[in-house]
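Enquirer: got a predicted structure here, sequence first:
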Amino acid sequence: MRIERELEGLRAATGAWRAAGRRIALVPTMGALHAGHLALVAEARRRAEIVITSIFVNPLQFLPHEDLARYPRDEAGDLEKLRAAGCDLAWMPTPAVMYPPGAATVVEPAGPAEGWEGDERPGHFRGVATVCTKLFMMTGADVAVFGEKDWQQLQVIRRVVADLHLPLEIVGLPTVRDADGLALSSRNQRLSPEQRARAAALPRRLRAVAKALAEGRPAAPTLAEAREGLAADGFGVDYLALVVPHTLKPWTEGQHGEARLLATARLGEVRLLDNLPVFLRG
Ligand SMILES: Nc1ncnc2c1ncn2[C@@H]1O[C@H](COP(=O)(O)OP(=O)(O)OP(=O)(O)O)[C@@H](O)[C@H]1O
Ligand SMILES: CC(C)(CO)[C@@H](O)C(=O)[O-]
Ligand code: BAL
């Protein structure tokens, strides 16, 4: 596996692959890799001859008070896992490579970037859209693979790619979970054993809400009950909402069809994100 930290090295590799007619898949990550990331790498392998995984903890998507300095990092472990997964190139730019002195241009997403994480973390999706656009341009990928765990992020990326006519395909993969249902996430490492045991209440309550809604229970009281339940379980609930899957607009009572149930809840300092598909019959 090649490891590149400078744009010249990355471009030399991708230029040669492209000249040989090879298709390139990109998996963007912030490192501290787990089985969820490796499922994205496996999907990338199925979709292209060459797999590039980027590891870059992107300062632009963290708000000043957020956990940038405490974000988990494990470069040696990550490289070992990527080698075993058959990744061809690890793209590990420094912040100075990604944002050279004087860098000023950003990608400002709208539409699905509005509300939910967009409200909780103002400017976050600008950072995500900017770095992903740069990663797409730097690697010249034909396809990029993202997780549905960050549902709103996936919809933002799809919107940006369509709006900017970027010549690549975006693939979303279902959330990989631990045995107790908790969505794998790098930030789970920061839960204490006691918090980790309690964290499974989040997917459990989401599954119960999804089942009740699919059975025809009205959304507003079902969601309100689940929020209270999560608070009683010790979570600080940022939001628990039913939305239109691709636009992220709030679901209106009486609508039917495919919806998405989104939740973000805090245990101590750790924010947990999760979401599930829900089908509401007419
Ligand atoms: N459990 C999972 N299943 C599938 N994809 C995942 C999972 N966790 C993360 N991903 C995807 O991996 C990519 C990189 O995510 P990232 O490096 O932020 O990992 P993370 O575990 O989500 O970390 P964080 O704690 O920051 O949320 C994103 O496309 C994300 O949606
Ligand atoms: C897509 C991403 C790698 C951009 O920094 C990040 O938001 C993430 O890890 O989900
Ligand atoms: N996985 C989403 C990236 C972030 O929380 O900043």
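Expert: Nice, thanks for sending it over. Residues are numbered from 1 along each chain as shown. Ligands and ions are numbered 1, 2, ... in the order given.
Enquirer: looking at the stretch 51-200 of the chain, which residue is nearest ligand 2?
Expert: For the stretch 51-200 of the chain and ligand 2, the shortest gap (Cβ to the nearest ligand atom) falls at Asn58, measuring 4.1 Å. (Each C-beta comes from the backbone N, C-alpha and C, glycine too.)
Enquirer: can you tell me which residues in this protein are near ligand 1?
Expert: 29-30, 36-37, 39-40, 146-147, 149-150, 173, 175-176, 183-187 (Cβ under 6 Å from any ligand atom).
Enquirer: wait, doesn't the residue of the stretch 51-200 of the chain closest to ligand 2 sit right on Val131?
Expert: Yes: in this structure Asn58 lies within contact range of Val131 using Cβ atoms under 8 Å: 4.5 Å.
Enquirer: now for these two: what residues contact both?
Expert: Common neighbours of Asn58 and Val131, using Cβ atoms under 8 Å, 6 or more residues apart in numbering, are Met98.
Enquirer: for Phe62, phi and psi?
Expert: phi -100, psi 140 (degrees, to the nearest 10).
Enquirer: can I assume it is in contact with Gly127?
Expert: Yes: here Phe62 reaches Gly127: they are 7.2 Å apart, a contact under Cβ under 8 Å.
Enquirer: can you get me a residue count around the closest residue in space to Ala110 that isn't next to it in sequence?
Expert: Computed as Cβ to Cβ, 6 or more residues apart in numbering, the closest residue to Ala110 that is not its neighbour in sequence is Arg159, at 8.0 Å. If you count neighbours by other Cβ atoms under 10 Å, Arg159 ends up with 21.
Enquirer: for my notes, confirm Arg159 occurs in a strand.
Expert: No: counting by DSSP: H, G, I helix; E, B strand; the rest coil, one finds Arg159 to be helix, located in no strand.
Enquirer: okay, it: pLDDT?
Expert: Among the per-residue scores, Arg159 holds a pLDDT of 98.
Enquirer: which parts of the stretch 51-200 of the chain sit against ligand 3?
Expert: 61, 150, 153.
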